[in-house]
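*Asks:* A structural model of the following input is requested.
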Amino acid sequence: MSPVADERDRIHAAMDRILCGTPERSNGALTIVALAVEAGVPRNALTQRHTDLKNEFYGRVRARGGTPDSEQRLRKQVRRLKEPRAADAEETAYLKADVEALVGALHQATAENQLLHQQLADRTAALRPLPSQRQRRPPVQRAGNLKPNSSGEERHRRLTSARAESTT
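*Replies:* Model prediction:
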């Protein structure tokens, strides 16, 4: 037997074993890679020299109602890749709606600002400018008889004397 004929026989036998679910050398996946491993031939033997056997294998896989593992894996990957795109499209729609609302609010604020500047320049309305400086806060009340401006030593002396009086 020639090497090519022997290869073809081994590929046919491997095809039968994989399709029957009894692989000996491979993982039994319905792929060309698994078929090549099962037949003990390089993968390019199926993709270059024996393309008819590759097509026959895929035809038999489809005829028995199953899809090749590679196709299932690719379909799963396509679904996984489409999910974020759908979520991104939804988020984009929300962001576009937000942009429209923000542009409207900005337009309204700009129009009101122009109106207020016009009224201020015309003095037609009773507008009063807001003070530009911050008002000072009233001083904070301190607990006990401690003064806010007393030094650290004085505070310490007063606290220790107050503690001494309360213990006696």
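
*Asks:* How much space separates Glu100 from Ala93?
*Replies:* Glu100 sits 11 Å away from Ala93, going by Cβ to Cβ, to the nearest Å. Quick note: C-beta positions are derived from backbone N, CA and C, even for glycine.

*Asks:* just Leu46 next, same as before
*Replies:* Taken as Cβ to Cβ, the span from Leu46 to Ala93 is 47 Å.

*Asks:* Over to Arg79?
*Replies:* 21 Å.

*Asks:* okay, Leu46 and Ala93: which has more neighbours?
*Replies:* Higher neighbour count among Leu46 and Ala93: Leu46, with 22 against 10, using other Cβ atoms under 10 Å.

*Asks:* Return the distance of that one relative to Val78.
*Replies:* For Leu46, the distance to Val78 - Cβ to Cβ - is 25 Å.

*Asks:* next one: Thr110
*Replies:* 47 Å.

*Asks:* Restrict stretch 40-51 to CA atoms and write it as CSV.
*Replies:* Provided in CSV are the C-alpha atoms of stretch 40-51 (Å, rounded to 0.1, in the frame of the first residue of the first chain):
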residue,chain,number,x,y,z
GLY,A,40,-2.1,9.8,13.3
VAL,A,41,-1.6,12.2,10.4
PRO,A,42,-0.6,15.8,10.4
ARG,A,43,-3.5,18.3,10.2
ASN,A,44,-2.3,19.6,6.8
ALA,A,45,-2.9,16.1,5.4
LEU,A,46,-6.6,16.8,5.8
THR,A,47,-6.5,20.5,4.9
GLN,A,48,-4.2,20.2,1.8
ARG,A,49,-3.9,16.6,0.5
HIS,A,50,-7.2,15.0,1.5
THR,A,51,-9.7,17.9,1.3
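
*Asks:* mean confidence for that stretch?
*Replies:* Averaged across stretch 40-51, pLDDT comes to 92.

*Asks:* can you check stretch 84-100 too?
*Replies:* Rounded mean pLDDT across stretch 84-100 is 86.

*Asks:* how about the helices of the protein, start to end?
*Replies:* Counting by DSSP state H, the chain has helices at residues 3-20, 32-39, 43-44, 51-63, 69-122, 152-167.

*Asks:* could you redo those as TSV and give each row distance to Pro131?
*Replies:* As requested, these are exported to TSV (distance: least, Cβ to Cβ, whole Å):
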stretch	distance to Pro131
helix 3-20	87
helix 32-39	79
helix 43-44	82
helix 51-63	82
helix 69-122	16
helix 152-167	36
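
*Asks:* Could you identify which of those helices is most buried?
*Replies:* helix 32-39 (a mean of 22; mean count of other Cβ atoms under 10 Å).
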